[in-house]
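1. mind looking at a prediction? Sequence and model below.
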Amino acid sequence: MADGSGDAEQLTMGQNTQLPFSWSPDGRTLALVERTRAAGLDINVISPDGERNPRPFLQTPFNEDNPVFSPDGRWLAYQSDESGHYEVYLRPFPSAEGKRQVSTGGGIAPVWNPSGDELFYISDDKMMAVDVRMEGVLELGEPRVLFEQTLATANYDVTPDGQRFVLILSSESEPAKLDLILVQNWTEELTKLVPTDN
């Protein structure tokens, strides 16, 4: 429990490493990554209120990692090295049938804008964004660079209003030191750098 009451409860069983990544918006499904010697990294899901045995969502000979549910729960974004290097993809949930590639020059660590109309990811030292339209047929915009920054880790998040990032940056002068930087008003800066006709 978030308030500290109650005891810790084991949700999964098994001999393989299982890492939790993302809850579905309704809180009924948890996407996790399972590491096996034979297959590497695969994406499974569990329903803590029902059958707790992990169910396969995506199991391939490649490594799938960093799964994250879309705000409406209909899509799962993830990274895969099936092309020979990591790229970001989308698959429908719960079917996992068919995929759409989001990134075009490498990508890891997808995170959704809480509004659901944008997907962020990291490519080298660039924070990237892709517009996502999910009304009817899924439509993806072209990847664009929001800003460049050397990150100490691929773990980052977006504020609930979708206007700021929380990042852990790498300090060049002191590699072991981690700084927490809050980026504000990035959409206004982007508008100044890339004017639109609107």
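-> Yep, it's here.
2. so for the host helix or strand of residue 89, mean pLDDT?
-> Residue 89 is located in strand 87-92, with elements delineated by DSSP states H and E. Averaging pLDDT along strand 87-92 yields 96.
3. same question, stretch 35-48
-> Mean predicted lDDT for stretch 35-48 stands at 88.
4. tell me the strands beside the strand holding residue 89, with direction?
-> With DSSP bridges as the test, strand 87-92 is paired with strand 75-80 (antiparallel), strand 100-101 (antiparallel).
5. just these: most buried one?
-> Burial of the strands paired with strand 87-92 is given as mean neighbour count (mean count of other C-beta atoms under 10 Å); strand 75-80 ranks first at a mean of 25. Just so you know, the C-beta spots here come from the backbone N, C-alpha and C atoms, and that holds for glycine as well.
6. and the residue most central in space within the chain, how close does it get to residue 75?
-> Most central in the chain under C-alpha atoms, centre = their mean is residue 110, positioned 3.0 Å from the mean C-alpha point. Noted for residue 110: a distance of 10 Å to residue 75, by C-beta to C-beta, to the nearest Å.
7. by mean pLDDT, flag the weakest helix or strand of this structure.
-> One helix or strand of the chain scores below all others by mean pLDDT, DSSP states H and E: strand 178-183, with a mean of 69.
8. continuing past that strand, what's the next helix or strand?
-> Per DSSP H and E, the first helix or strand lying C-terminal to strand 178-183 is helix 186-193.
9. neighbouring contacts of that next one?
-> Under the contact criterion C-beta atoms under 8 Å, 6 or more residues apart in numbering, helix 186-193 has outside partners 146, 147, 163, 164, 165.
10. which one of those is nearest to residue 3?
-> Taking C-beta to C-beta as the measure, residue 3 lies nearest residue 164 of these, at 26.9 Å.
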